[in-house]
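Asker: Predicted model follows, preceded by the sequence.
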Amino acid sequence: MKILCDIYKTTSKDEMYLYLCRTKGLKAVPEVLLKNFGEPILVTTMVLTEAKKLARADVTKVMADLTVKGFYLQMPPPKFPRADDSQ
């Protein structure tokens with residue numbers, strides 16, 4: 001399976017990205033999320049496949065969310081490691 005995906009960033013929060021299914025666009029994103037996300041700025045467009053590697057997201061989860069919801073929100077990584085991550 002292949003999905004054409006637009007990836008947007010926001011100026012309101014570093015390293016937060018919104019992946020959108022190209023065919024559904026912004027209309028698939030809930031209004032409250034768009035309001036909190038701020039002005040979306042297009043970063044890139046790519047074709048997602050199960051073999052594609054993404055830097056900080058599981059491509060299978062992204063593709064599943066794009067198929068079901070029409071979008072995937074990638075949150076910034078935590079600033080400090082959690083106590084249980086030290087092992």
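Answerer: In hand now; what should we look at?

Asker: What's the first helix or strand after the lowest-mean-pLDDT helix or strand in the chain?
Answerer: Between all helices and strands in the chain, the lowest mean by mean pLDDT, DSSP states H and E belongs to helix 31-37, at a mean of 92. Sequence order places strand 41-48 as the next helix or strand after helix 31-37, per DSSP states H and E.

Asker: List the strands paired with that following strand, with their directions.
Answerer: strand 3-9 (antiparallel) (DSSP bridges).

Asker: Run through who's touching the strand it pairs with.
Answerer: Residues from elsewhere that reach strand 3-9, judged by CB atoms under 8 Å, 6 or more residues apart in numbering: 16-23, 25, 40-49, 62-63, 66-67. No exception for glycine: its C-beta is placed from N, CA and C like everyone else's.

Asker: Which SSE is immediately downstream of it?
Answerer: Following strand 3-9 toward the C-terminus (DSSP H and E): strand 17-21.

Asker: circling back: could you flag which of the contacts of strand 3-9 are buried?
Answerer: Among the contacts of strand 3-9, those buried by neighbour count (16 or more other CB atoms under 10 Å) are 16-21, 40, 48, 62-63, 66.
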